[in-house]
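Sequence and computational prediction follow.
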Amino acid sequence: MPFVHATVVRAQGPSSAKAGDQAIVLADGSIEGFVGGQCASGSVRTAALDLLESGESLLLRVLPEGEPDFPSSDGARIVVNPCLSGGALEIFLEPLLPSPMLTLIGGTPTANAVADLAHTLGFAVTQTHEATPAGLPDGTIAVIVASHGGDELGVIQSAIQADIPFIGMVASRRRAAGVLAPLPPQNRARVHSPVGFDIGARTPPEIALSIMADLVQRIRRDGLTAEPSAAMVAPIQVVDPVCGMTVVVGPDTPHTVVDGTDFWFCATGCRDTYLAEHADAGA
């Protein structure tokens, strides 16, 4: 389960948070721990959800309205929170994401070399020595078929049906063309074979290097990711109509209904202000 670890590194009074306070922000937007009151934690929640997408760490500077400008810098974000009663916070946010899952088919020397290098690069590896169609682990980002036999086509068809983002096959162009011939053209195009960069590789470790270099580039440069499971659907984010803050909607988010329309707020103060301004509309 991915989450963001939040640590208060500076707290300027008046503030309910202290340096060293910590919390984790889960992918559904819920917070476990303490990094400030409702207004500050709302800013942390919103920033953390962005980091689960980017995978990058961030120093979040939360300032009250009217505070002198803070110098900006790389890796830092400044948020002016109009509902803070005073003080300022600096909170370091570090996303902790699950290792990318690689499913490897085959027990050949090349398959074993890929498994060894993938482990070194931080991948979670599931290796099956026989090429037989089977269910693929949730979160699989890539399937590499390196069995040189068995039901390679069946495995590839299973990967296509599971919509695996990257499917590769270790084979010569001629043999790959024969194995993949029964597939419709749009499915054949999804299979990378020969898989890996053309670096003139000959030995199993060299072939493994070419394969993993290709896969790492697709993840780092092209944004290749596994499809999120249904349990990982991002929470709804809305804008507080009073202060303009982005608010993550959760069970404890202040909420009201005016003229049949739902409104969510960063804190009860903004909700009360909105209700007072729309008293005639009825809630």
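Perfect, thanks for sending it.

How about the contacts made by residue 112?
Going by CB atoms under 8 Å, 6 or more residues apart in numbering, residue 112 touches residue 204. Heads up, the C-betas are built off the backbone N, CA and C, glycines and all.

Please determine how far it is located from residue 98.
For residue 112, the distance to residue 98 equals 24 Å [CB to CB, to the nearest Å].

Over to residue 254?
32 Å.

Who has more neighbours out of those two?
residue 254 (18 against 11; other CB atoms under 10 Å).

doesn't residue 263 make contact with that one?
No - the pair residue 254 and residue 263 fails to qualify as a contact (CB atoms under 8 Å) at a distance of 9.1 Å.

List of residues touching stretch 208-227?
100-102, 110, 113-114, 116-118, 121, 139-142, 144, 163-166, 168, 170, 192, 195-199, 201.

which neighbours do residue 254 and residue 263 share?
Joint contacts of residue 254 and residue 263 (CB under 8 Å, 6+ apart) are residue 271.

quick revisit: just the buried members of the contacts of stretch 208-227?
Neighbour-count burial (16 or more other CB atoms under 10 Å) is assigned, among these, to 100-102, 110, 113-114, 117-118, 121, 139-142, 144, 164-166, 168, 170, 192, 195-196, 201.

Could you tell me which of the residues you listed are located in strands?
Mapping those onto strands (DSSP state E) picks out 101, 102, 140, 141, 142, 144, 166, 168, 192.

Let me have those in JSON lines, extended by pLDDT.
Formatted as JSON lines, these follow (pLDDT from 0 to 100):
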{"residue": "101", "pLDDT": "91"}
{"residue": "102", "pLDDT": "94"}
{"residue": "140", "pLDDT": "89"}
{"residue": "141", "pLDDT": "92"}
{"residue": "142", "pLDDT": "94"}
{"residue": "144", "pLDDT": "96"}
{"residue": "166", "pLDDT": "95"}
{"residue": "168", "pLDDT": "95"}
{"residue": "192", "pLDDT": "95"}
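
quick one: which of these is nearest to residue 238?
Proximity of these to residue 238 (CB to CB) peaks at residue 141, which lies at 31.3 Å.

Show me the helices in the stretch 1-150 of the chain, by range?
For the stretch 1-150 of the chain, the helices defined by DSSP state H, counting those that start in this stretch cover 38-54, 109-120.

where does the longest one sit relative to the chain's centre, distance-wise?
Taking CA atoms, centre = their mean, to the nearest Å, the mean C-alpha location of helix 38-54 is offset from the chain mean by 13 Å.

Check which residues of that helix are buried.
38-52.

Stretch 179-187 too?
Those would be 179, 180, 183, for stretch 179-187 by 16+ other CB under 10 Å.

and the end-to-end length of that stretch?
12 Å (CA to CA, to the nearest Å).

who touches that stretch?
Contact with stretch 179-187 is made by 152, 153, 156, 157, 160, 169, 171, 188, 191, 193, as judged by CB under 8 Å, 6+ apart.

Make CSV from those residues and add pLDDT and neighbour count to it.
Formatted as CSV, the contacts of stretch 179-187 follow (pLDDT from 0 to 100; neighbours: other CB atoms under 10 Å):
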residue, pLDDT, neighbour count
152, 92, 25
153, 93, 19
156, 94, 27
157, 93, 15
160, 93, 18
169, 95, 24
171, 93, 21
188, 94, 17
191, 95, 22
193, 91, 21
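
Out of the residues you listed, which is nearest to residue 7?
residue 160 (42.9 Å).

thought that closest one was touching residue 190?
Yes - counting by CB under 8 Å, residue 160 touches residue 190, with 6.1 Å between them.

Find residues that contact each of the two.
residue 167.

show me what contacts residue 113?
204, 205, 207, 208.

Compare the helices of the stretch 1-150 of the chain and give me the one nearest residue 259.
Closest among the helices of the stretch 1-150 of the chain, using CB to CB: helix 38-54, at 25.1 Å.

Three-state assignment for residue 216, please.
Each residue gets one of three states, and residue 216 gets helix by DSSP: H, G, I helix; E, B strand; the rest coil.

do the same with residue 207
Following three-state DSSP, we place residue 207 in the helix state.

Nearest residue to it in space, ignoring adjacent ones along the chain?
Excluding the flanking residues, the one nearest residue 207 by CB to CB, 6 or more residues apart in numbering is residue 201, at 4.5 Å.
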